[in-house]
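J.: give the three-dimensional model of this entry:
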Amino acid sequence: MSGADPLLDSLRSAVAASPDDPTLRLHLAGLLLDAGEQQEAVSHVAAVLGRDPGNADAAALMARGLTPQQPPRPPRPEPAPVVGKPSFDWEAAEAEVSDVVAPRFAPDDEPERVPAHAPTGGGRFVVERPDLRLADVGGMDAVKKRLEAAFLAPLRNEELRALYGKSLRGGLLLYGPPGCGKTFFARALAGELGANFLAVGIHDVLDQWAGNSERNMHDVFLAARAAAPCILFFDELDGIAQKRSAVVGGVLRQVITQLLAELDGVSADNEGVFVLAASNMPWDVDPALRRPGRFDRTVLVVPPDGDARRAILEYHLRDRPVENVALKPLVARTEGFSGADLAHLCEAATEHALLDSVATGTVRRITQADLLAAAGELRPSTGPWFTTARQVALYANGDGSYDELAAYMKRRKLL
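T.: Residues are numbered from 1 along each chain as shown. The predicted structure follows:
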């Protein structure tokens, strides 16, 4: 324990005099962390959590204390003012190195350059330029091949498209259990095409005032057409376009009618606008949207396979203090887990190690035992979805729409 800092010494004395004051202890702990005194800081945070386990400020400081810190850099000395010398001639310097270094400021008449990954659009619909690729998705080779065949290949090769008479009309519906990466795949498809990406949710379309919802739907397509080439992505399509036979009231009916009109290009040409959607319950989507020229292609996005689970676990553990973690047993124990389930598993293991550090007063890292214990306590959140999907695959697949789902469930012995 260092006593060189008068402020820290004063706060230590104050805490010794008032050991039950959590605010004082946490203030001291924060300053200790800033000074690199992690061990002492964690002991003070542990004392607070021992009395108040739900203290959010203490939990945040404990997480910070468990993360290895880099030594603080010494402050850079301010340059001493130069008296009697002329100011630096920036124009002459720029002219001298103009063939190597770009100028500091662009001319006023030069067109604005927007980074490829930056959001664009001044309206309320934000158009992005994702830099994701399908290669960034670990594993899931079957889903990637299906996306390549159903969506990417016809778009990439104009000559083959013409040879086979393949039309670009129609959309693609991604469906499957929640938390399995449907939105991530949609962004990756935009990245593969080098296209803009416009994601639309229920809150972007539905409005309490008559006529506004239909106008919002029209505005969504206007924004996508203005940003072409653009992937227009509808998240939770079943919430926006439920079966009209099950809809009570006229608002959703009008929204579906407007969506159908926009997809068919009644009021404008959709050239360069590629429409994707995601749904956890595609069987609740209005059948009119599944007809040719609309969302007539479907891809099942299933829970991550072994390679994907390994990549997801590595991603969520990359910035956490782990020690001797073997991922192979974890991958084997998490069959059927969604990506969201795996993220929750890492959170639960972190919490277990943190609370144990509080109880023992000794800071320790996250171990294999913590992760395996968390895996044993959790159950895949995909179970209820597959229970419903089983009924659909058995009794509502007369037209073969869910053959891919039935085949997957048979391989998994869920059907």
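
J.: domain ranges for this protein?
T.: If you go by automatic domain parsing, the domain ranges for the chain are 8-66, 127-300, 306-377.

J.: with respect to residue 395, which of the ones you listed lies nearest?
T.: Ranking the domains of the chain by their distance to residue 395 (criterion: Cβ to Cβ) puts domain 127-300 first, at 10.7 Å. Every C-beta, even on glycine, is put in place using the N, C-alpha and C of the backbone.

J.: please enumerate the strands of the protein.
T.: Per DSSP state E, the chain carries strands over the ranges 127-128, 172-175, 196-200, 230-234, 273-279, 297-300.

J.: any idea which of the domains of the chain gets closest to residue 411?
T.: domain 127-300 (10.3 Å).

J.: what is the end-to-end distance of the closest one?
T.: Terminal residues of domain 127-300 are spaced 26 Å apart (Cα to Cα, to the nearest Å).

J.: again, but for stretch 194-211
T.: By Cα to Cα, the extent of stretch 194-211 from end to end equals 35 Å.

J.: please report how far the closest residue to residue 155 other than its chain neighbours lies from residue 151.
T.: Using Cβ to Cβ, 6 or more residues apart in numbering and skipping the chain neighbours, the partner closest in space to residue 155 is residue 193 (6.2 Å). With the distance defined as Cβ to Cβ, to the nearest Å, residue 193 ends up 9 Å from residue 151.

J.: so for the two, which residue has more residues nearby?
T.: Remark: of residue 193 and residue 151, residue 151 carries more neighbours, 22 against 18, as counted by other Cβ atoms under 10 Å.

J.: how about the domains of the chain, which one is nearest residue 414?
T.: Closest to residue 414 of the domains of the chain is domain 306-377 (Cβ to Cβ; 9.2 Å).

J.: mind checking the pLDDT average for the closest one?
T.: For domain 306-377, mean pLDDT rounds to 93.

J.: just give me how far that domain sits from the chain centre.
T.: Mean C-alpha position of domain 306-377 versus that of the full chain (Cα atoms, centre = their mean, to the nearest Å) differs by 19 Å.

J.: how long is that domain end to end?
T.: First residue to last in domain 306-377 (Cα to Cα) measures 20 Å.

J.: now stretch 395-409: buried residues?
T.: Neighbour counts over stretch 395-409 (16 or more other Cβ atoms under 10 Å) mark 401, 402, 404, 405, 406, 408, 409 as buried.

J.: picking that back up, most tightly packed of the strands of the chain?
T.: Stretch with highest mean neighbour count among the strands of the chain: strand 230-234 (a mean of 27; mean count of other Cβ atoms under 10 Å).

J.: residue 186 and residue 134, how far apart?
T.: Going from residue 186 to residue 134 by Cβ to Cβ gives 11 Å.

J.: the more surrounded of those two?
T.: Neighbours were counted for residue 186 and for residue 134 using other Cβ under 10 Å; residue 186 has more, 26 against 18.

J.: need the pLDDT of the more buried one.
T.: For residue 186, the model assigns a pLDDT of 90.

J.: one more: residue 36?
T.: Reported pLDDT for residue 36: 82.
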